[in-house]
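[1] Make a model of this:
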Amino acid sequence: ACQKAIDLNRKYHSYLNEDYAHFYLLLYALTDTLRQLRSYQQVVDLLRRIPIQDLVKQNHLPRNYYLSLVGLNHMKEAGKFLQELAAHPEIDVDQKEKTLVLLEQSAQETLAADQPKILQIVLQQIHELNFP
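    Here you go, the predicted structure:
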């Protein structure tokens, strides 16, 4: 996880706010590792502590949070999170669309093989969001 954070930091360093770069990349690497270990509840517990206005500025952390909720079968909560994310004033429409595309791709990668029914619910949730 630490090596992944270092690699990501090198790759995205120029795009990141200096104060938060290392923290968020380590957090991403940690949540991604936990998610790969199917420790969904730990990802949710960790990311729930971060205010949504901080989460929205990161691409991968909302994805991990959303997919962890899905992994725990908290579909209503996952849908509510998506709505909050899409309605957030700090995200412009272009960024929202990119976020949703990322969520959709991630859901397909994660769920397509062994959970096709849940994947259909997830894709429906994503498609039902409309932008102001």
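
[2] shaky segments in this protein?
    Along the chain, the model assigns pLDDT under 70 to residues 1-2, 5-6, 9, 12-21, 93, 130-132.

[3] now the helices: where do they sit in it?
    With helices called from DSSP state H, the chain shows them at 2-12, 18-36, 40-48, 52-55, 60-71, 75-87, 93-111, 116-128.

[4] Pick the most deeply packed of these.
    helix 60-71 (a mean of 23; mean count of other C-beta atoms under 10 Å). C-betas here are computed from N, CA, C, even on glycine.

[5] Report all helices and strands that that helix contacts.
    helix 18-36, helix 40-48, helix 52-55, helix 75-87, helix 93-111 (3 or more C-beta pairs under 8 Å, 6 or more residues apart in numbering; DSSP states H and E).

[6] Redo these as JSON lines? Include distance to Q124.
    Formatted as JSON lines, those follow (distance: least, C-beta to C-beta, whole Å):
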{"stretch": "helix 18-36", "distance to Q124": "22"}
{"stretch": "helix 40-48", "distance to Q124": "21"}
{"stretch": "helix 52-55", "distance to Q124": "22"}
{"stretch": "helix 75-87", "distance to Q124": "9"}
{"stretch": "helix 93-111", "distance to Q124": "11"}
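
[7] Of those helices, which is nearest E128?
    helix 75-87 (8.1 Å; C-beta to C-beta).

[8] what angle sits between the closest one and helix 116-128?
    Counting by axes from the mean of the first three to the mean of the last three C-alpha atoms, to 10 degrees, helix 75-87 lies at 30 degrees to helix 116-128.

[9] now helix 75-87, how far from the chain's geometric center?
    Taking C-alpha atoms, centre = their mean, to the nearest Å, one finds the center of helix 75-87 at 11 Å from the center of the full chain.

[10] just checking, what packs against that helix?
    Using 3+ C-beta pairs under 8 Å, 6+ apart, helix 75-87 is in contact with helix 52-55, helix 60-71, helix 93-111, helix 116-128.

[11] Export that helix to CSV, keeping only CA atoms.
    Coordinates of the C-alpha atoms in helix 75-87 are reproduced here as CSV (Å, rounded to 0.1, in the frame of the first residue of the first chain):
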residue,chain,number,x,y,z
MET,A,75,-27.6,-0.1,-1.5
LYS,A,76,-29.9,2.6,-0.2
GLU,A,77,-26.9,4.3,1.6
ALA,A,78,-24.8,3.9,-1.6
GLY,A,79,-27.5,5.6,-3.6
LYS,A,80,-27.8,8.4,-1.1
PHE,A,81,-24.1,8.9,-1.2
LEU,A,82,-24.2,9.2,-5.0
GLN,A,83,-26.9,11.8,-4.8
GLU,A,84,-24.9,13.8,-2.3
LEU,A,85,-21.9,13.6,-4.5
ALA,A,86,-23.8,14.6,-7.6
ALA,A,87,-25.5,17.5,-5.8
